[in-house]
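In: The amino acid sequence is not available; the structure is as follows:
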């Protein structure tokens, strides 16, 4: 079974997808983490985020893996745990540029489709229901206000000891929305058959319950 969860930055996709996958005993595939990992590859090697040719060469040298640890699912580049590094402010602000590169997307989409062909999955991202898994059994498009999403990210950074203003985060999220929605390759877009779910004002448990109910009723 394939569950596709799409939506803009900080709509809660990854958090919800992880919990839903755990409840259903499905594999969780964090496609956003894969694009972040590629962005980190570029940063570590001093490659410009828009240099598609060099980034594709880097992708041949690195393998992106997900591993379930006692404290949750971790992301690895080869043997290095990069779960924290890929969530840095710099990677967050530049992943949209890397995500817009045509061949990067094509290569990662193939990897994502392979994962989904082998086991039941909950997959989240920007173009799962439209490009990666167009025939998914259930498609959900999660949204939330820019302010609410900025508050969520502010709390995440605060917990990590990262100092950034709420106003700056609101600006960055709005800019990210624009970039994701207007890129030429697989833009952020609600699939025609996706169910829209506004998470503004809802707790994590409330959103999980709503998603589980949507899945059961489809």
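Out: Looks like it arrived, so ask away. All figures in this text were calculated on a predicted structure; none of them were measured in a lab.

In: neighbours around residue 192, how many?
Out: Counted with other CB atoms under 10 Å, the neighbours of residue 192 add up to 8. (Glycine included, C-beta is placed from N, CA and C.)

In: scratch that, residue 67
Out: Each residue near residue 67 was counted by other CB under 10 Å, and the total is 11.

In: Which neighbouring residues are in contact with it, exactly?
Out: Listed by CB atoms under 8 Å, 6 or more residues apart in numbering, the contact set of residue 67 reads 73-74, 76.

In: got JSON lines for the residues you listed, with neighbour count, secondary structure and pLDDT too?
Out: Rendered in JSON lines, the data for the contacts of residue 67 read as follows (neighbours: other CB atoms under 10 Å; DSSP: H, G, I helix; E, B strand; the rest coil; pLDDT from 0 to 100):
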{"residue": "73", "neighbour count": "18", "secondary structure": "strand", "pLDDT": "83"}
{"residue": "74", "neighbour count": "15", "secondary structure": "strand", "pLDDT": "89"}
{"residue": "76", "neighbour count": "16", "secondary structure": "strand", "pLDDT": "93"}
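
In: Rebuild these as JSON lines, extending it with distance to residue 142.
Out: Formatted as JSON lines, the contacts of residue 67 follow (distance: CB to CB, whole Å):
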{"residue": "73", "distance to residue 142": "19"}
{"residue": "74", "distance to residue 142": "23"}
{"residue": "76", "distance to residue 142": "26"}
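
In: Which member of the residues you listed is positioned nearest residue 46?
Out: Using CB to CB, residue 76 is the member of the contacts of residue 67 that sits closest to residue 46, with 21.3 Å.

In: Hmm, that closest one is touching residue 68, no?
Out: No - using CB atoms under 8 Å as the test, residue 76 is too far from residue 68 to be in contact (11.6 Å).

In: For the residue sitting nearest the centre point of the chain, give me its contacts.
Out: Computing the C-alpha centroid of the chain and ranking residues by CA atoms, centre = their mean puts residue 32 first, at 2.7 Å. Residues touching residue 32, when contacts are defined by CB under 8 Å, 6+ apart, comprise 13-14, 95, 124-126.

In: Recalculate using a threshold of 6 Å.
Out: residue 125 (CB atoms under 6 Å, 6 or more residues apart in numbering).

In: did I read that right, it in a helix?
Out: Yes - secondary structure of residue 32, determined by DSSP: H, G, I helix; E, B strand; the rest coil: located in a helix.

In: Which residue, neighbours along the chain excluded, lies closest to residue 93?
Out: Excluding the flanking residues, the one nearest residue 93 by CB to CB, 6 or more residues apart in numbering is residue 172, at 6.3 Å.

In: mean confidence for the helix or strand encompassing the one you found?
Out: The secondary structure element spanning residue 172 is helix 166-182 (assigned by DSSP states H and E). Averaged across helix 166-182, pLDDT comes to 93.

In: what lines up beside the next helix or strand after it in the sheet?
Out: Sequence-wise, the next helix or strand beyond helix 166-182 is strand 195-198, with elements assigned using DSSP H and E. Strand 195-198 has its sheet partners listed here by DSSP bridges as strand 138-143 (parallel).
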